[in-house]
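> A structural model of the following input is requested.
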Amino acid sequence: MRLAFVLIAAIVLMGQREPILVPEVSQSRIEVRQGFTGANLLLYGAIVDPRGPAAETDYDIVVVLKGPTEPIRLREKERIAGIWMNAGATDFRSAPSFFAVASSRPIEEVVDPRTAAIYELGTEFIQLSPSGVIEPEIQSRFARGLVDMRQRLGLYKQDPEGVRIKERVLYQARIELPSNVTTGPYTAETFAIADGRVLASATAEIEVEKVGLEGRVVEAAERSSFIYGAVAILLSLG
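Next up, the predicted model:
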C-alpha cells in the first residue's frame, strides 16, 4: 500500500528527466531474541522513468546493505623463530559491522572501478577510514584481510545476480542477515544505473534490536555500566 502511494506521488510530481527510485523493505524492524537464527530481508521497489514506457531504458540495480560502523584493530601474525607472533597492526575508524551487495549483473559489467569506489559497490570498495598514516599497500593488505575474515563469518557478502528486474520497472533482491549480526541502525541504499552512470539512488532504514531478556540486559549495561560490570565480575568469580 505504501509503495503504491509513493509510486503514484512520484508519477504526479516528477518534473525531471532522471529516473526515480521507490524502495521498500519487507521488515523495517528486526527483533533479535533468544534463539535468533537470522533473518531474510526482501528489498524491492520500482524504477519510475519520467519519459514513460517509450523510453525502454535497460537499468541495472545495485543494492548495498550496511550495518553500524565500528572502530576495529587488526593484527597481523608472522612466524618468528618457530613461534607465531604479532608482527604488525592497524586501526580502522569506521568498518561496517555488516556489508552486503546484490546487483542485477556483476559490478564490473555495470560500472567502472572509479564509480564503484565512489558508491562502495562491492566488498573490495568498502571505505574503512584508517587511523593515522599508513602505506597504501599495507592498508590494502589489511583491508583484504578484514574482508576475508568477515566473509567467512557471513558478515560481508556479494551476490552478482542477486537482483531481479521485471519489465524494466519492478525489482527485488533478497539478503540474508546471519545470527551473529550487530544490532543498531542499518541502511539499504539502492542505485539505478544505465550506461555506466548512477542516475538515481534512494535509501531505506532498517533497525535491528535486541528484545526480551537480551534487550533488557543490554539496556541495563548501557544505563548502569558500573553496576553491570561489578555483577558480571561477581558472577564470573562465582
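> phi, psi of the residue nearest to residue 99 when sequence neighbours are not counted?
Sequence neighbours aside, residue 156 is the residue nearest to residue 99 in space, at 4.9 Å (criterion: C-beta to C-beta, 6 or more residues apart in numbering). Glycine gets a C-beta too; all of them are placed from N, C-alpha and C. Main-chain torsions, residue 156, degrees, to the nearest 10: phi -120, psi 130.
> Show me what the most centrally placed residue in the chain is bridged to.
In the chain, the centroid-proximal residue (C-alpha atoms, centre = their mean) is residue 66; its distance is 2.0 Å. Counting by DSSP bridges, residue 66 forms beta bridges with residue 99, residue 187.
> I'd say it and residue 187 touch.
Yes - in this structure, residue 66 is within contact of residue 187 by C-beta atoms under 8 Å, at 5.4 Å.
> For this structure, name the helix or strand with the lowest mean pLDDT.
helix 2-13 (a mean of 50; mean pLDDT, DSSP states H and E).
> Show me what secondary structure element comes after it.
The helix or strand immediately downstream of helix 2-13 is strand 20-25, counting by DSSP states H and E.
> Note down every partner strand of that next one and its orientation.
strand 39-48 (antiparallel).
> got the buried residues for the helix ranked longest in the chain?
Longest helix of the chain, by residue count under DSSP state H: helix 136-152. For helix 136-152, a neighbour-count test (16 or more other C-beta atoms under 10 Å) marks 142-143, 146-147, 150 as buried.
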